[in-house]
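Undergrad: generate a structure from the sequence data that follows.
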Amino acid sequence: MSAQLTSLSAVQMAAGIRRRKFSPVELVEAHLNRIERLNPRLNALVTVDADGARDAARGAEAALARGEALGVLHGVPLTVKSCIDVAGYRCETGTPLRAGHIPARDAPLVSRLRAAGAILLGNTNAPEFLMAYETDNPLYGRTNNPWDLERTPGGSSGGEAAAIAARCSAGGIGSDGGGSIRIPAHFSGICGLKPTPGRIPATGHFPPSAGPFAALGVVGPMARTIGDLSLLFEVLAGPDSGDANAAPVPVRWPGEAELRRMNVGFFEDDGRVPVTPETRAAVRAAAAALEEQKFEVDAFRPSGLEDARRLWWTLFGRAGGLLLDPLLAGHETHENEVGPILRHFRGLVAAEAPLTLESFMGTLLMRDEVRANFLAQMDVYRVLLCPVCAIPAFRHRERSWIVEGQTVEYLDAMSYTQWFNLLGNPAVVVPVGRSPEGLPIGVQVVGRPHEEEVVLAVAAKIEQACGDSREPAL
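TA: Just a heads-up that it's a prediction; the model follows:
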């Protein structure tokens with residue numbers, strides 16, 4: 001019964017509690033038992049709040065017995081990435097320089113989850129300062145992929161992805177400044193949403209979504225189904241005064257007729273970085289599934305992607321490196337304070353020419369020009385399908401791969417997500433295919449800014465037709 005409960009979707013869990021098929025206490029205990037059994041091998045959760053979760057479950061059960069009005073997530077166990085404020089939890093962002101930091105209050109999105117009835121089980125591992133596409137840090141060590149413990153679940157929301165894929169959590173919250181929700185979702189065989197900046201408040205996230213990161217860094221939901229992702233989005237969406245990008249955009253789901261009037265474009269690669277054959281096949285399968293459902297689907301590769309990638313790196317990598325410098329000053333030579341993965345990131349930045357004020361201002365001006373050109377193309381193709389990454393989950397510490405006879409370097413393999421942080425588009429990952437090793441392959445569904453509902457609705461159509469919801473055999 002315990003394994004059956006943890007394999008349910010969040011929507012099914014909430015419905016089962018409302019119908020008294022099982023109790024919040026039973027559901028939380030099933031998840032805590034699974035965490036106790038699997039987390040030593042995965043290292044996905046860094047805080048397990050067993051006592052707090054049990055207290056909340058008993059409170060949820062009592063509310064049910066009293067006949068109180070229930071939130072849409074009543075009794076559903078969730079987790080949160082350890083760079084987001086949860087009162088009483090360590091919020092260390094994977095770095096010894098923040099060791100022991102405990103926020104006094106919840107981030108707004110955590111308050112919204114609790115108000116909807118969710119129960120927090122704990123928080124999850126992340127790379128140091130979130131600056132990596134794998135999850136490992138000097139505080140807690142590395143997180144392993146539930147599909148293959150010798151591979152990474154991705155980064156920076158790798159702990160969150162591993163916990164959800166392994167059925168230790170029904171869903172949760174990650175953050176994304178260059179693919180950090182979408183790549184872990186792809187590597188781990190789950191779903192993830194990178195929203196438009198400000199659609200879900202990033203208040204209470206560290207590092208703050210401010211300065212050059214204000215248009216790049218977002219927080220968003222991660223779950224095993226698009227239905228769960230949509231439910232979490234509805235709970236989380238809405239402005240907050242602490243987020244500089246906040247806008248009062250109401251949630252509005254498109255009708256079937258409206259959805260099918262939208263042209264869909266798809267591309268298998270960007271013409272620069274090759275992708276694996278299975279990745280191509282997954283994108284083709286998603287496009288064919290929509291075509292069979294009477295969508296207008298065309299092969300279409302937008303222009304300006306390479307410009308977007310270069311501009312993203314200037315803001316995320318080069319400007320981000322400048323912001324890290326004062327935080328790391330005096331600590332660079334201490335291995336127990338700055339780990340090898342963060343050192344690798346800083347080495348990539350150091351290999352670049354110094355960022356001048358002139359080049360920084362030019363980047364901001366060019367970003368708006370590139371975004372305007374891209375949005376004009378999306379007037380024709382309101383939804384795009386493309387790869388999430390050039391490769392499936394890689395082995396720990398790998399930094400290059402041979403794909404279609406060409407060497408693909410670390411940052412280039414991940415460039416398929418970076419564009420949309422610079423451009424500000426919402427994007428959803430839905431698992432569709434498998435690699436020869438049995439590793440998950442996701443497809444990225446991209447929409448126009450503030451049209452998360454559209455990309456979620458299209459992703460649901462793909463999931464229904466060709467989604468892959470298999471469970472890792474841990």
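Undergrad: and stretch 103-119, which residues are buried?
TA: Within stretch 103-119, the residues scored as buried using 16 or more other Cβ atoms under 10 Å are 103, 106-114, 116-119. Glycine gets a C-beta too; all of them are placed from N, C-alpha and C.
Undergrad: could you do stretch 353-364 as well?
TA: Residues L355, T363 are the ones in stretch 353-364 that count as buried (16+ other Cβ under 10 Å).
Undergrad: ditto for stretch 453-466
TA: E453, V454, V455, L456, A457, V458, A459, A460, K461, I462, E463, C466.
Undergrad: next, format these as a markdown table and append pLDDT.
TA: Shown next, in a markdown table, are the buried residues of stretch 453-466 (pLDDT from 0 to 100):
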| residue | pLDDT |
| --- | --- |
| E453 | 98 |
| V454 | 98 |
| V455 | 98 |
| L456 | 99 |
| A457 | 98 |
| V458 | 98 |
| A459 | 98 |
| A460 | 98 |
| K461 | 98 |
| I462 | 98 |
| E463 | 98 |
| C466 | 98 |
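Undergrad: closest to T356 out of those?
TA: Sorting the buried residues of stretch 453-466 by distance to T356 puts V455 at the head of the list, at 36.9 Å, by Cβ to Cβ.
Undergrad: closest to S303 out of the buried residues of stretch 103-119?
TA: Among the buried residues of stretch 103-119, and counting by Cβ to Cβ, the member closest to S303 is L109, at 35.0 Å.
Undergrad: three-state assignment of that closest one?
TA: helix (DSSP: H, G, I helix; E, B strand; the rest coil).
Undergrad: ok, G347 next?
TA: Applying three-state DSSP: G347 is helix.
Undergrad: cool, and V432?
TA: strand.
Undergrad: thought it was touching I441?
TA: Yes - the criterion here is Cβ atoms under 8 Å, and V432 meets it with I441 at 6.2 Å.
Undergrad: what touches both of these two?
TA: A282 (Cβ atoms under 8 Å, 6 or more residues apart in numbering).
Undergrad: then the helix or strand in which Q464 is found to CSV, C-alphas only?
TA: Using DSSP states H and E, the element containing Q464 is helix 452-466. Extracted C-alpha coordinates of helix 452-466, given in CSV (Å, rounded to 0.1, in the frame of the first residue of the first chain):
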residue,chain,number,x,y,z
GLU,A,452,2.1,29.4,-19.3
GLU,A,453,-1.4,28.0,-19.6
VAL,A,454,-0.9,27.5,-23.3
VAL,A,455,2.4,25.6,-23.0
LEU,A,456,0.9,23.4,-20.2
ALA,A,457,-2.2,22.6,-22.2
VAL,A,458,-0.1,21.7,-25.3
ALA,A,459,2.3,19.6,-23.1
ALA,A,460,-0.7,17.8,-21.7
LYS,A,461,-1.7,16.8,-25.2
ILE,A,462,1.8,15.4,-25.8
GLU,A,463,1.8,13.6,-22.5
GLN,A,464,-1.5,12.0,-23.3
ALA,A,465,-0.4,10.8,-26.7
CYS,A,466,3.3,9.7,-26.2
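Undergrad: what's next to that helix, contact-wise?
TA: So helix 452-466 is contacted by 191, 193, 195-196, 199, 225-227, 229-230, 233, 237, 251-254, 259, 262, 264, 285-286, 289-290, 292-293, 295, 382-383, 426-428, 430, 432, 443, 445-448, 469 (Cβ under 8 Å, 6+ apart).
Undergrad: which residues touch G141?
TA: Counting by Cβ under 8 Å, 6+ apart, G141 touches N43.
Undergrad: kindly recompute the last result at 10 Å.
TA: G141 makes contacts with N43, V46, N125, T135, G339, as judged by Cβ atoms under 10 Å, 6 or more residues apart in numbering.
Undergrad: how about D85?
TA: Contacts of D85 (Cβ under 10 Å, 6+ apart): 91, 101-111, 123, 203-206.
Undergrad: before we move on, what about G52?
TA: So G52 contacts V86, G88, Y89, I119, L120, L121, G122 (Cβ under 10 Å, 6+ apart).
Undergrad: go with 8 Å
TA: G88, L120.
Undergrad: ok, it to V28 distance?
TA: The gap separating G52 from V28 is 10 Å, by Cβ to Cβ, to the nearest Å.
Undergrad: what's the answer for R199, then?
TA: From R199 to V28 the distance is 30 Å (Cβ to Cβ).
Undergrad: pull the number of nearby residues for the spatially closest residue to A161 that is not a sequence neighbour.
TA: Spatial nearest neighbour of A161, chain neighbours left out: P184 (3.5 Å); criterion: Cβ to Cβ, 6 or more residues apart in numbering. Residues near P184, counting by other Cβ atoms under 10 Å, number 37.
Undergrad: P184 sits in which helix or strand?
TA: Per DSSP H and E: helix 182-188 holds P184.
Undergrad: circling back: distance to A308 added to the buried residues of stretch 453-466, as a markdown table?
TA: Listed next are those as a markdown table, based on distance: Cβ to Cβ, whole Å:
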| residue | distance to A308 |
| --- | --- |
| E453 | 24 |
| V454 | 21 |
| V455 | 18 |
| L456 | 23 |
| A457 | 25 |
| V458 | 22 |
| A459 | 22 |
| A460 | 27 |
| K461 | 27 |
| I462 | 24 |
| E463 | 27 |
| C466 | 28 |
